[in-house]
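Visitor: Sequence first, then the predicted structure, then my questions.
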Amino acid sequence: MINRNKVLKNIIELQNITVFQQRNKVFDNFSLSLERGQNTVILGPNGAGKTTLLKLLNRELYIVENENSSIKLFGKDRWNVQQLRAHLGVVSHHLQSNYSNNALGLYVVLSGFYASDGIWQHQNFDTEHIELAHQTMHLLGIEDLKSRQFSTMSTGEQRKFLLARALVHDPEVLVLDEPTSGLDLRACFQYLEIIQGLMSTGKNVILVTHHVHEIPPEITRAILLKEAKVVDDGDKTKILTGKILSKLFDRPIKIIEENGFYQALPG
Ligand SMILES: Nc1ncnc2c1ncn2[C@@H]1O[C@H](COP(=O)(O)OP(=O)(O)OP(=O)(O)O)[C@@H](O)[C@H]1O
Ligand SMILES: [Mg+2]
């Protein structure tokens, strides 16, 4: 009998997957499940496989098919990108750095509704989509920049537009890739506040990073990734310790925690 509770519980279920980046086998027989409602950080050093994992979720990479492997998102193993975006919003500055620099703010947000990045010049946008784009820009306080070219925005402004692009669908789950890298302290804390606000209204967040300072208190589960393997997984407060992170990053690290936020120092 199918266990329906289990199907509904896991939003992401990877089983025994193998993934290549060109000729390089990155994941080999890798398994991971992420639960609905559980805000999670995936933390790992450079080269651990974080971006590869995101590309997999974003359908930019595919698993090697074999009888033991499967990738299920929201209980389904086949998705078209458009439908998936309504469930899973991926915000990655790195993955979107080839984004059209000439696009105006409004069209960056609207492009969340359409598959390709280069369609805004000739696309007739739906009035409902335009209204939703305005509401999302209003929510993030970026409406004033709707007619500005993406390339002329600051890093923090661009980051908010990419967040708006993912949020315009009101997806159930947001996946954030190093969301505050390159932001100054004000922009960093402001961005974190926006993310915290979204979590407080029930949005599920999966954060992928190598920076402990960008992990908001609302995140409860920590998964440590190293050389494309899960080396630790559990309650964040038990995992984000100097001892465990020193092992993860192969050097002595001291961790300070205050009000649910973390900072790393040389150990
Ligand atoms: N296009 C590519 N072709 C071949 N190998 C790649 C490619 N991109 C990544 N890799 C390799 O895959 C492995 C995982 O890389 P990935 O980019 O997923 O790491 P990461 O955890 O995101 O690291 P970082 O913190 O530096 O962003 C690394 O060994 C990397 O060299
Ligand atoms: Mg990366």
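Guide: Arrived safely, thanks for sending. Ligands and ions are numbered 1, 2, ... in the order given.
Visitor: Which residue ranges of the stretch 101-250 of the chain form helices?
Guide: 105-110, 127-140, 155-167, 185-200, 236-239, 242-249 (DSSP state H, counting those that start in this stretch).
Visitor: among those, which is nearest ligand 1?
Guide: Proximity to ligand 1 (Cβ to the nearest ligand atom) singles out helix 242-249 among the helices of the stretch 101-250 of the chain, at 11.0 Å. Where C-beta positions appear, they are placed from N, C-alpha and C, glycine not excepted.
Visitor: Could you name the helices and strands sitting against that closest one?
Guide: Helix 242-249 sits against strand 221-226, strand 229-235, strand 253-258, with contacts defined as 3 or more Cβ pairs under 8 Å, 6 or more residues apart in numbering; DSSP states H and E.
Visitor: Residues contacting stretch 196-206, please?
Guide: Here stretch 196-206 makes contact (Cβ atoms under 8 Å, 6 or more residues apart in numbering) with 11-12, 34, 36-42, 167, 172-176, 195, 216-219.
Visitor: mind listing what's buried in that stretch?
Guide: Neighbour-count burial for stretch 196-206 flags Leu198, Met199, Lys203, Asn204, Val205, Ile206 (criterion: 16 or more other Cβ atoms under 10 Å).
Visitor: what's the span of that stretch from first residue to last?
Guide: The first and last residues of stretch 196-206 sit 12 Å apart, counting by Cα to Cα, to the nearest Å.
Visitor: Stretch 145-165 too?
Guide: Start-to-end span of stretch 145-165 (Cα to Cα) is 14 Å.
Visitor: circling back to that earlier point, how about the buried residues of stretch 196-206 in TSV, adding distance to Tyr191?
Guide: Converted to TSV, the buried residues of stretch 196-206 look like this (distance: Cβ to Cβ, whole Å):
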residue	distance to Tyr191
Leu198	11
Met199	13
Lys203	14
Asn204	18
Val205	12
Ile206	16
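Visitor: Mind checking which of the contacts of stretch 196-206 are in strands?
Guide: Taking DSSP state E as the definition of strands, these contribute Ile11, Ile12, Leu34, Thr40, Val41, Ile42, Val173, Leu174, Val175, Leu176.
Visitor: Among those, which ones lie close to ligand 1?
Guide: When contact is defined as Cβ under 6 Å from any ligand atom, the ones in strands among the contacts of stretch 196-206 do not meet ligand 1 at all.
Visitor: residue in the stretch 101-250 of the chain nearest to ligand 1?
Guide: At 4.9 Å from ligand 1, His210 is the closest residue in the stretch 101-250 of the chain, using Cβ to the nearest ligand atom.
Visitor: Tell me who's in contact with that residue.
Guide: Contacts of His210 by Cβ under 8 Å, 6+ apart are Leu43, Gly44, Pro45, Asn46, Ala48, Lys50, Glu178.
Visitor: so what's the backbone phi/psi at it?
Guide: Backbone torsions of His210, given as degrees, to the nearest 10, read phi -120, psi 10.
Visitor: Can you pick out the most distant pair from the buried residues of stretch 196-206?
Guide: Spatially, the most separated pair among the buried residues of stretch 196-206 is Leu198 and Ile206, at 12.4 Å (Cβ to Cβ).
Visitor: State the pLDDT value of the residue of the chain found nearest ligand 2.
Guide: Nearest to ligand 2 in the chain, going by Cβ to the ion, is Thr51, at a distance of 3.2 Å. What the model reports as pLDDT for Thr51 is 91.
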